[in-house]
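K.L.:
Give me the fold of what follows.
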Amino acid sequence: MKFIDLHTHSSASDGTDSPAQLVAKAHAAGLAAVAITDHDTLSGLDEGQQAGRELGIEVVRGCEISTGTELGELHILGLWLPQNPQRLLERLRWLRERRAERNVGIVKILQNLGYDICMDEVLAAAKGESVGRPHIAEVLLRKGFAKDVRQVFKEFLGSRGKAYLPKTVLEPEESVSLLASSGATVSLAHPLLWKAPAGWLDTVVARLKDYGLSAIEAYHSEHSEADIRTCLALAKRFDLGVSGGSDYHGSNKPTIRLGQGYGGLRVSQSVLEDLKQRRLAADLDI
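P.N.:
Numbers count the residues shown, from 1 in each chain. As a prediction, the model looks like this:
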């Protein structure tokens, strides 16, 4: 049996491997396919696809968009993105601009608190165009202001941290519609990472399906077996496809391995084939 990974991050956003390195590692791990799904950017996809062609591994073009709900962030994955989806690219550019403003604000707070950090250092830590809190965390760690990433986010950058600023995000409906109108398979990412009231997720899925939601990410590094069963039942209830991936970030999340998550995750190639069949039935390219 062959395996796949449809949720990974490269240095184009907050991962540490370049897109080519990520694809090479996926190939070395024996994966049949890998999707690159960086936050708010498509900038690593061409490099990743070229590496895939050279190595003989299928690379699915994707991205991940954070959206806001009354319970917090809801993440949306787009898979099989076309080469130049202009409306999507424009909105992602707008999100990155808002993120850049937030970064400046966080750094100013840290400076006012007496921490020796500047934006040039943050930009140097980032290797791609999507710059965010992980890159600020990298600078804080390198300068010895915290012992590990957990402490950085607890003390400084998390929602209760002393340098926290809220992130500007899109509405779920707009994100799903943008991705769907671009021809993507639109998947709800790791939907059981937080506790929601009974029936809340069903209501959200029913609403987003009307905007183009077409899959549920059932298999994820932080989903338990019970979570997986819940997601599979949800997908069946709403006649949606099923997706899955590790949420790999390289050394930024060192316990997560490509295609294996924390060690037990395995996403069968049959998951990919089912998603492809659904795309063909909807007259979409694969």
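K.L.:
list the contacts for Arg253?
P.N.:
Quick fix: residue 253 reads Lys, not Arg. Asp247 (Cβ atoms under 8 Å, 6 or more residues apart in numbering). All C-beta atoms are positioned from the backbone trio N, CA, C, and that covers glycine.
K.L.:
Distance of it relative to Gly72?
P.N.:
To Gly72, Lys253 is 20 Å away according to Cβ to Cβ, to the nearest Å.
K.L.:
Need the three-state assignment for the closest residue to Leu22 other than its chain neighbours.
P.N.:
Distances taken as Cβ to Cβ, 6 or more residues apart in numbering put Ser10 closest to Leu22, at 4.9 Å, once the chain neighbours are dropped. Under DSSP: H, G, I helix; E, B strand; the rest coil, the three-state class of Ser10 is coil.
K.L.:
I'd say Ser10 and Gly44 touch.
P.N.:
Yes: with contact defined as Cβ atoms under 8 Å, Ser10 and Gly44 form a contacting pair (4.7 Å).
K.L.:
and for the two, which residues touch both?
P.N.:
Joint contacts of Ser10 and Gly44 (Cβ under 8 Å, 6+ apart) are Ser18, Pro19, Ile36, Asp38, Gly128.
K.L.:
how about these in a markdown table, adding secondary structure and neighbour count?
P.N.:
Listed next are the shared contacts of Ser10 and Gly44 as a markdown table, based on DSSP: H, G, I helix; E, B strand; the rest coil; neighbours: other Cβ atoms under 10 Å:
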| residue | secondary structure | neighbour count |
| --- | --- | --- |
| Ser18 | coil | 19 |
| Pro19 | helix | 26 |
| Ile36 | strand | 33 |
| Asp38 | coil | 27 |
| Gly128 | coil | 20 |
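K.L.:
Check pLDDT for the residues you listed and point me to the minimum.
P.N.:
Among those, Gly128 has the lowest pLDDT, at 81.
K.L.:
So the spatially closest residue to it that is not a sequence neighbour versus Leu6, what's the distance?
P.N.:
Leaving aside its sequence neighbours, Gly128 sits nearest to Ala12 (Cβ to Cβ, 6+ apart; 3.7 Å). Ala12 sits 17 Å away from Leu6, going by Cβ to Cβ.
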